[in-house]
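Novice: sequence isn't available, so here's the structure alone:
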């Protein structure tokens, strides 16, 4: 019992020499990283630094781009996800994703959330109702929408739409949530709500968030990774990275010399 | 903090135990999802794609079989009934039931070209003029009122155009010019009216697509509105406007009933614009139902249809070339 | 100074053209509607035609037009949708795709009389059905398909990419994404386009002369036996449509009140086109609003 290796057991995502290229252009080069279970990890860096590309390779969303080539390894709980025997739909069910711009389906609020669970095999109406309610509650949206579940999701405000997208991802019971600048298109109050939500979700999910807002990274994350020109410059505990960065480039970036 | 718990385990041991348990459960959950075979989905994906693909393949099949059947019927005039192709295309006498039967289709071919050109000559300036008006001169009125009306008229059935031609245009020509009335002129005008909405609406799109910056630049250099339209807008929209005209001509060339109702249908060559004529389509329409399949007469009608088909392929070729031009211009 | 004068003249000329066109086109619509208005009685639109006497109606023709429209849409809509899905979502960028695109162009610019002749050969003679509603519907499908493919392809392509991304990120397969996410979002565009296409089908005549035929049996409207030649629903009976009827009474010249009948029938056709147009606009907007609660 005493020999339990916490480091080994707690790592949920491990990449090794991961590179992503679009045609001739390399977007991410040779990134090795470990992400621990039930933590919030923030990716920061100037735009075009490869942080979003890296994030999208974690649930193989880059597969959608024909010219995109991924090399190196990504393991989730020791399973290489780029292997051909991996069920890509199961992968995406485990690794939920929320995008920069809220993208609710052109459907009712209820349908937005029930669509994926139903597809993944839950047929009973009662069970779906339960999932919809639970997901909306977890996303702190239930009280605002419980009387209008049948209304179109596009009638919600931008902040509500983004929380709906989080609820939609949660409804699949994922283990990992990837958030790609989820608050960049939101007003300050909605941003605050989304941030609070992220902190609460940490207990149940492993969260990886891309953000260009350094304060946001400092506020909500346990660990922060700094990307520059497709490379991982530095990754450390957030408190350490922001107070005493090891690399000159990191320091320049967080003190606002560029970016 | 090695306080003794009630069941004999330390708190740390308990915590570790719980953590380990959760980890193990989580791990098996993750792995089961990741490695679950998804036969059902891939089967569904496969069939979905196959169905969609076969619908698309149907388009290929349709075109190939249309060309095959019309060609095989149309060519039998020359290969089975031994009519010379040159005689067919240039012969002036059409007497399929005579002795010997004569299959000179030149007057039909000429008639088709004449009405089409006449229709384009009338409709092109009007249609492009209207398109300019709608975009450059009075856009608010143009987009709110003229455009919907034009779009509506694209959908009016061609028999209705033919019928109006028959009841208004033909009597008008007859009284005004003291001729028969059924004429090349009537056919051309009916077709012009019919293709006018098509030309206008395609030309409008082309003119709309000319970037506003180019107009502003010309106006900033002191060009008048007309100079801007003539040198900048029309220049930029030229391939689009030509596309509009060719589309209209293709439609006019293939139109059957509207034309047939007003042109008088004689196989004599016209001497003036007021003379009655025949076209490829009108000859087919009038006689296909009255001839027996397999006879030389019937086959000759299919040859006319083959000519129509070839012409419409020709129009498509021109449209494709124009389309490529349009892309180059961008 | 000269440039300004030319500019003024050009403005006058262009305005003149626009006014002329509107006058002619409005005059045309007005002419048809006012001429045919008095014929639009219940009796006229329900009673059978009379070939040799005055006073016949267009009941069977109107019914045939509508029934043929329904049959055509039943056949061509699924096919058009399927091909549209393929072109929008699956078609790789290669020779075959290019040739399918060429085929769409060829089909859509084919003269309708040629389509009718193809129908005569394949759907009338080779199948042995003779002049029939089914042959007509198949010919009209050939005529209608390219338009529907284009409409559904465009509508699917116009769905924002983020919708597809969201669905894939939820682990939903490509086909299900198409069916449950993209198609519903594309529905307003498809419906609008399909209604407009219906207007075109409703007024088509040349493709039907030698497929659905130029005669209609005396229909017995309470005869629901699909095999009976007088049953209105029998898809294998000949069926002259309204548009064909206008052409026929005018060219045959047997009916003494041909002008009257044609006036009425033309008015019905034009009214139908108006209805289809307004209906498409209104219904499309309504559907879009209902689905998105966004006013466009």
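Specialist: Received it, and whenever you're ready, just let me know what you need. These figures come from a predicted structure and were not determined experimentally.
Novice: and the residue most central in space within chain B, what's its pLDDT?
Specialist: Nearest to the centroid of the C-alpha atoms of chain B, with distances taken as CA atoms, centre = their mean, sits residue B:247, at 6.4 Å. The pLDDT attached to residue B:247 in the predicted structure is 93.
Novice: what about it, which SS state?
Specialist: Assigned state for residue B:247: helix (three-state reduction, DSSP: H, G, I helix; E, B strand; the rest coil).
Novice: that one and residue B:203 touch, don't they?
Specialist: No: the pair residue B:247 / residue B:203 is not scored as a contact, 9.8 Å apart, by CB atoms under 8 Å. Quick note: C-beta positions are derived from backbone N, CA and C, even for glycine.
Novice: can you give me every residue that contacts the residue nearest to the centre of chain B?
Specialist: With contacts defined as CB atoms under 8 Å, 6 or more residues apart in numbering or on different chains, the neighbours of residue B:247 are B:198-199, B:202, B:319, C:109.
Novice: what are the boundaries of the helices in chain A?
Specialist: Assigned helices in chain A, in chain order: A:6-10, A:51-57, A:88-94, A:109-119, A:125-138, A:142-145, A:158-170, A:188-201, A:214-220, A:238-243, A:248-254 (criterion: DSSP state H).
Novice: and those: which comes nearest residue B:71?
Specialist: Comparing the helices of chain A by their distance to residue B:71 (CB to CB), the top pick is helix A:88-94, with 48.1 Å.
Novice: distance between that closest one and the chain's centre?
Specialist: Relative to the mean C-alpha coordinate of its chain, helix A:88-94 is positioned 14 Å out (CA atoms, centre = their mean, to the nearest Å).
Novice: quick check: the residue nearest to the centre of chain B vs residue B:181, distance?
Specialist: Look at residue B:247 and residue B:181: by CB to CB, to the nearest Å, they are 29 Å apart.
Novice: next: residue A:223.
Specialist: Separation of residue A:223 from residue B:181 (CB to CB) stands at 90 Å.
Novice: what is the helix or strand hosting residue B:203 packed up against?
Specialist: Applying DSSP states H and E as the criterion places residue B:203 in helix B:184-208. When contacts are defined as 3 or more CB pairs under 8 Å, 6 or more residues apart in numbering or on different chains; DSSP states H and E, helix B:184-208 packs onto helix B:106-132, helix B:147-154, helix B:158-164, helix B:170-177, helix B:234-254, helix B:257-260, helix C:2-37.
Novice: so how many other residues sit close to residue C:272?
Specialist: 22 (other CB atoms under 10 Å in any protein chain shown).
Novice: and it, what pLDDT?
Specialist: Taking residue C:272 on its own, its pLDDT is 89.
Novice: for residue C:120, what are its contacts?
Specialist: Shown here is residue C:120, whose contacts under the criterion CB under 8 Å, 6+ apart are B:288, C:210-211.
Novice: ok, and the most crowded of these?
Specialist: Neighbour counts for those were taken using other CB under 10 Å; the highest belongs to residue C:211, with 32 neighbours.
Novice: ok so it is a strand residue?
Specialist: No: counting by three-state DSSP, residue C:211 falls outside a strand, being coil.
Novice: surely it meets residue C:123?
Specialist: Yes: with contact taken as CB under 8 Å, residue C:211 and residue C:123 are classed as touching, separated by 6.1 Å.
Novice: quick check: neighbours shared by these two?
Specialist: Among the neighbours of residue C:211, those also in contact with residue C:123 (CB under 8 Å, 6+ apart) are C:135, C:138-139.
Novice: for chain B, give me its nearest residue in the stretch 101-250 of chain A.
Specialist: residue A:175 (5.9 Å; CB to the nearest CB).
Novice: then the stretch 51-200 of chain C?
Specialist: Closest point on the stretch 51-200 of chain C to chain B, by CB to the nearest CB, is residue C:111, at 2.6 Å.
Novice: residues in contact with that residue?
Specialist: Going by CB under 8 Å, 6+ apart, residue C:111 touches B:253-256, B:281, B:308-309, B:312, C:206.
Novice: can you report how many residues lie near the nearest residue to it once chain neighbours are set aside?
Specialist: What sits nearest to residue C:111 in space, not counting adjacent residues and going by CB to CB, 6 or more residues apart in numbering or on different chains, is residue B:254, at 2.6 Å. Residues within reach of residue B:254, counting by other CB under 10 Å, total 26.
Novice: repeat that for residue A:240.
Specialist: Residue A:240: 13 surrounding residues under other CB under 10 Å.
Novice: before we move on, what about residue A:150?
Specialist: Applying other CB under 10 Å, I find that residue A:150 has 9 neighbouring residues.
Novice: how about it, what does it touch?
Specialist: A:108-110.
Novice: show the pLDDT at it.
Specialist: The predicted structure scores residue A:150 at 89 on the pLDDT scale.
Novice: can you check residue C:15 too?
Specialist: What the model reports as pLDDT for residue C:15 is 88.
Novice: that one is in contact with residue B:133, isn't it?
Specialist: Yes: at 6.3 Å, residue C:15 counts as touching residue B:133 under the criterion of CB under 8 Å.
Novice: compare those two (neighbour count), which wins?
Specialist: Each of residue C:15 and residue B:133 had its neighbours counted (other CB under 10 Å), and the higher figure belongs to residue B:133 (26 against 14).
Novice: how about the more buried one, nearest residue that isn't a chain neighbour?
Specialist: Skipping the residues right next to it in sequence, residue B:133 comes nearest to residue C:18 by CB to CB, 6+ apart, at 4.0 Å.
Novice: same question, residue B:237
Specialist: The shortest distance from residue B:237 to any residue that is not its chain neighbour, by CB to CB, 6+ apart, is 4.2 Å, and that residue is residue B:206.
Novice: give the contact list for the one you found.
Specialist: For residue B:206, counting by CB under 8 Å, 6+ apart, the contacting residues are B:131, B:237, B:239-241, B:243-244, B:326.
Novice: any chance of those in CSV, with neighbour count and pLDDT too?
Specialist: What follows is the contacts of residue B:206, written out as CSV (neighbours: other CB atoms under 10 Å in any protein chain shown; pLDDT from 0 to 100):
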residue, neighbour count, pLDDT
B:131, 31, 91
B:237, 27, 90
B:239, 19, 89
B:240, 25, 91
B:241, 23, 93
B:243, 23, 93
B:244, 28, 94
B:326, 17, 70
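Novice: out of those, who's nearest chain C?
Specialist: Checking the contacts of residue B:206 against chain C with CB to the nearest CB, the nearest one is residue B:131 at 9.4 Å.
Novice: how far away is whatever residue of the stretch 101-250 of chain B ends up closest to chain C from residue C:39?
Specialist: With CB to the nearest CB as the measure, the residue in the stretch 101-250 of chain B that lies nearest chain C is residue B:157; the distance is 2.6 Å. The spacing between residue B:157 and residue C:39, counted by CB to CB, is 17 Å.
Novice: quick one, which of those two is more surrounded?
Specialist: Each of residue B:157 and residue C:39 had its neighbours counted (other CB under 10 Å), and the higher figure belongs to residue B:157 (26 against 21).
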